[in-house]
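Asker: Just to be clear, the model below is a prediction. Sequence and coordinates:
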Amino acid sequence: MTNPILELSGVSTAVEGFEVTRDLDLTVGRGEAVGLVGRNGAGKTTTFRGIMGLAEVRSGSIRFDGTELTSLPADRIPGLGVGYQPEDRKLFTGMTVDENFRLPVWTAGDERGIEDEDEVVEGVYDLFEELSDRRDAEVQHLSGGQAKMVAIGRALAIQPDLLLLDEPLEGLAPFIVKNLKEHVRTINDQGISVLIAESNVTHVPDVVDRIYVIERGEIVDSGDPEVLAEKPEIRELMQGSGQYEG
């Protein structure tokens, strides 16, 4: 792949002194949707937190649009154009849906060249029409699906070039999963590159172009999502049984 928007090369990360990922290589092309799949504890969230400067990167390189991220403080990375929906959402409780969407514009809008805050926020509501009548609701009163939409919409409010989605479909009813998949495809169709982490390998084949399989902090396979999702050893891996032999 020539000139990817995101490139991880030999990345090893640690949490509280314990190594989580080892020598991890991963790329996301411009306008591409890529999946990172693995069971809980495999290293998906730590990989995302490493990209965002929130986890210790012990070695390796993380480059976004030609800029080395490992040398930057975490608060600089969103302004470069990386949107992040954390696994646990991290919504600003006590604030409304609308305020959650506006806060990233207040903090990173200048760096992103955002001149019209209202236009950006209305663009998020255009995507997530389900939230249009919940603008003034405090986020702690939302359903699980609505809260996931707010977390994704907040990440979109900086008008990113790359969107990191950590388990956006986890724990949701099937009809909500279907709706969120459609939203992710719409985001990607707008030219935004997407890296999506999921523990359920069956969630991603109809959303992404390629997938990486991570197990115990290492990439153990990669390729066509439909092909890999049908491999028995990968399905067993997601269920927590056995080790992947490749």
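Answerer: Received the coordinates, thanks. Numbers count the residues shown, from 1 in each chain.

Asker: Once you drop chain neighbours, what's closest to Gly171?
Answerer: Counting by C-beta to C-beta, 6 or more residues apart in numbering, the nearest residue to Gly171 once its immediate chain neighbours are dropped is Gly144, at 6.5 Å. For every residue, glycine as well, the C-beta is placed using N, CA and C.

Asker: and that neighbour, what pLDDT?
Answerer: On pLDDT, Gly144 comes in at 89.

Asker: and what of Arg235?
Answerer: pLDDT, Arg235: 73.

Asker: Could you report the separation of the residue nearest to it when sequence neighbours are not counted from Leu195?
Answerer: Among residues not flanking Arg235 along the chain, Val201 sits closest, at 6.7 Å (C-beta to C-beta, 6+ apart). According to C-beta to C-beta, to the nearest Å, Val201 and Leu195 sit 16 Å apart.

Asker: which of the two has more neighbours?
Answerer: The neighbour count for Val201 versus Leu195, taken as other C-beta atoms under 10 Å, is higher for Leu195 (27 against 23).

Asker: Show me the beta-bridge partners of Ala14.
Answerer: Judged by DSSP bridges, the bridge partners of Ala14 are Glu19, Glu56.

Asker: er, Val37 actually
Answerer: Applying DSSP bridges to Val37 gives these bridge partners: Glu198, Val213.

Asker: Just give me the neighbour total for it.
Answerer: Val37 - counted by other C-beta under 10 Å - has 29 other residues nearby.

Asker: My guess is it contacts Leu195. True?
Answerer: No - here Val37 does not reach Leu195: they are 11.5 Å apart, not a contact under C-beta atoms under 8 Å.

Asker: Quick one: mean pLDDT over whichever strand or helix holds Lys178.
Answerer: Counting by DSSP states H and E, the element that carries Lys178 is helix 174-189. Averaging pLDDT along helix 174-189 yields 93.
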